[in-house]
Each structure stands twice: as structure tokens, then as C-alpha cells.
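**Q** Show me how the following folds:
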Amino acid sequence: MKDSLKSLVQRLTLKQLRAVAAIAEAGTISGAAARLGLTPPALLQQLKLLEETLRVPLLERRAGLAVPTEAGREVLAAIAQIEGVLGDCVEAITALRNNESGQVAVAVISTAKYFAPAALAAFQRSHPNIELRLQVANRRDTIAALQQYEVDFALMGRPPQDFPVMAAAFGEHPHVIIAPCDHPFARVPRIPLSALKNETFLSREKGSGTRVLEQKLFKEAGVTPKASIELGSNETIKQAVIAGMGVALLSAHTIAAEYASHRLAILDVVGTPIVRQWFVVKRQEKRLLPAAQSLWDHFVREGRTFLPEIKLAVPLSPAPSAD
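**A** Next up, the predicted model:
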């Protein structure tokens, strides 16, 4: 029974239903045909097909007018509901097309959490009906979310290389070496990296963008630190540096507040700051819907204005920008 009912429903068409509604509203075939831009025979054909499918008359003639039967009134009620649902659908799609509503999922590496919320809040103020979902994770999990289509796009400092992506840079991303404020080199200019070889370096986990930069810096300078302690987050590393456990290479955007409040120092080490770029990144084949495209454009256009600023007590000697 269910299969035969499903088959019956699938044979109905919107054109047939609208033909019945137009005839009932106009009262005549000619009037309905003119309203729909059809010829009277074409309109009658739609009515005939529908009545044959349902095997019941839908209209009857009374005093020269077409009047719906009881079955016809059921069809009219159904088409009214269908037209309402379609209207809601078109309205929703129009809102999506005009960036007035929709959902956007964004993944950011943990380093970006120091500015991404402010950028998202600004976007939300101008797009209050767009729902945002933010996922903060390490580089590995952020790339996984991007690769598995769990998010529309991601914010990161180094786009992945193992699958095709589209990336757009939106601001500089400097990395500096930090130390406790009472460190002997806290106000020394042009410190060679070799002078820090006896320091304990506090490092992010293997595979993180910061760890890769640190290893590249050591390799190019031919320096091997005396000791290295791996810590799982920027916050833990900052607190460990403030406590005097060692020094660290971190994104300058993660330590702006602590530097401004004189809780840690930035060392003027030759070869730093290492200046990279912040990127918005999506899978190359990922098609962004209007809401997501609008947020992507927001980061490309305005993202740099949300990056933390650091006013250095002693200007650093910047290294060349790195890719």
C-alpha cells in the first residue's frame, strides 16, 4: 500500500496542481489559461491528467463556473501548503544569496585564537543572522577538519601541502624568542643565536608550525640547544617562560598581552623575528556558499586589522620574510 501511494504521489506534478488552483480561483478555463499563460486545451490537459491519476473528479460546473469538489478542495489545500513551503524556501535562498543568513564553520589553529574571535565578532555584528561555528585546535587536527570537509575553511600560518588547497594571505605573522624579564639578554641588542645554546628551549609538539620554524632556525644557524622541553600549548609555554623554566620561540601574536604588561621579554636575536603570513585556507574543490564566502572575504580584506600589535622597547632587527 505504501509503495503504491508513493508511486501515486510521484506522478503528481506542480503544473497539474497549479492548473486546478487557477481554474478554481478564476472560475473559468479561459480565465485560468490567460492567468497562467497557457491555451485552454493545454490547461484542460493538465486537469485531465491529474484527475486520471487520482481517479476522482476535482472540479464540477455550477452556474457556469468551475467549482471544486470535495476532492478538489483537498488538492487546493495541498497546493496552498506547497506554495507556502516553496515561498519559504525561496526566501531562505534569497537570504543566503544576499549573505543575510546561513551557517559557516571555521577551524583555527590555537595560535589564531588570540585574534580570530575579535574578527568573527566584527563580522557577526554586520551579519547577525549568519550562524558561526569556531573550532580551535592544533595544526594536525585543524588540517584534518579541513581535509574531511568538517569546516568551510581554516585560519593557519602554513597551508597544508599533502592535498590541493586554495589559500589567501591576510597579514604578517612574526615569531620571536621570549624570555623572563630578568633574563641577562633581555635588553641586549643583536644577540647571536649561538649565545642561547646553553638555554633550555620550551617547544610546541612535533609537527606544529612553531616547532618547524624553531627547528629551521637552529639548523640554519648550526646551533643545537642544550635542552628542550616539549609543552602542549602556547599558554603553558608562556607561563613556563615567565616562571623561568627556559626561553621559547613563539608567535608574537600569542604574547602581546604578557609583553605589554612586562611579564616577559622579547630577545633581539639575530634572525628574528621570523616573519611568515596568516592565511585563510580551503580545500581547492570546496565551493563556499555565500555566507562562507562573505566571511572569507572579510578575513582577506580586514583580517590584518585584528592582529595584535606589539610596541617593542628595543626595536628588533627583522629577518627576511619566510615562505
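**Q** how about Leu17, secondary structure?
**A** Classification of Leu17 using DSSP: H, G, I helix; E, B strand; the rest coil returns helix.
**Q** What is the neighbour count of it?
**A** Residues lying near Leu17 (other C-beta atoms under 10 Å) number 20. Any C-beta I mention is one placed from the backbone N, CA and C, and that applies to glycine too.
**Q** Was I right to think it contacts Glu83?
**A** No: when contacts are counted by C-beta atoms under 8 Å, Leu17 is not listed as touching Glu83 (9.0 Å).
**Q** Listing request: residues of the chain with sub-threshold pLDDT.
**A** Low-confidence segments of the chain (pLDDT under 70): 1-3, 91, 95-96, 98-100, 312-323.
**Q** residue ranges of the helices in it, please?
**A** Under the criterion DSSP state H, helices of the chain are mapped to 2-11, 14-26, 29-36, 40-54, 70-97, 116-126, 139-147, 209-221, 234-242, 256-260, 290-302.
**Q** Check the offset of the fifth one from the chain's centre.
**A** Yep, that's helix 70-97 we're talking about. Computed by C-alpha atoms, centre = their mean, to the nearest Å, the chain-centroid distance of helix 70-97 equals 32 Å.
**Q** Next, count neighbours for the closest residue to Phe279 other than its chain neighbours.
**A** Spatial nearest neighbour of Phe279, excluding adjacent residues (C-beta to C-beta, 6 or more residues apart in numbering): Ala167 at 4.5 Å. A total of 16 residues lie near Ala167 under the criterion other C-beta under 10 Å.
**Q** Just put the helices of the chain in CSV and tack on distance to Ala248.
**A** Output for the helices of the chain, formatted as CSV (distance: least, C-beta to C-beta, whole Å):
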stretch, distance to Ala248
helix 2-11, 65
helix 14-26, 65
helix 29-36, 73
helix 40-54, 74
helix 70-97, 44
helix 116-126, 22
helix 139-147, 17
helix 209-221, 8
helix 234-242, 5
helix 256-260, 12
helix 290-302, 27
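**Q** List the contacts of stretch 134-153.
**A** Identification of contacts with stretch 134-153 by C-beta atoms under 8 Å, 6 or more residues apart in numbering yields 104-110, 112-113, 116-117, 120, 133, 154, 156, 158, 160, 163, 165, 205, 207-209, 280-283, 286, 288-289, 292, 295-296.
**Q** Help me confirm that the residue nearest to Phe279 comes into contact with Trp278.
**A** No: look at Ala167 against Trp278 with C-beta under 8 Å: they stay out of range, at 10.2 Å.
**Q** Relative to Ser228, tell me which of the helices of the chain wins on proximity.
**A** Nearest to Ser228 among the helices of the chain is helix 209-221 (8.8 Å), distances taken as C-beta to C-beta.
**Q** Return the distance of Gln81 relative to Glu74.
**A** Computed with C-beta to C-beta, to the nearest Å, the distance linking Gln81 and Glu74 is 11 Å.
**Q** Looking at these two, which has the bigger crowd around it?
**A** Applying other C-beta under 10 Å to Gln81 and Glu74 shows that Glu74 carries more neighbours, namely 14 against 10.
**Q** what about that one, distance to Ile130?
**A** Glu74 sits 40 Å away from Ile130, going by C-beta to C-beta.
**Q** Which elements pack onto the longest strand seen in the chain?
**A** Longest strand in the chain, counting residues (DSSP state E): strand 165-179. Packing partners of strand 165-179 (3 or more C-beta pairs under 8 Å, 6 or more residues apart in numbering; DSSP states H and E): helix 234-242, strand 248-251, strand 265-267, strand 274-283, helix 290-302.
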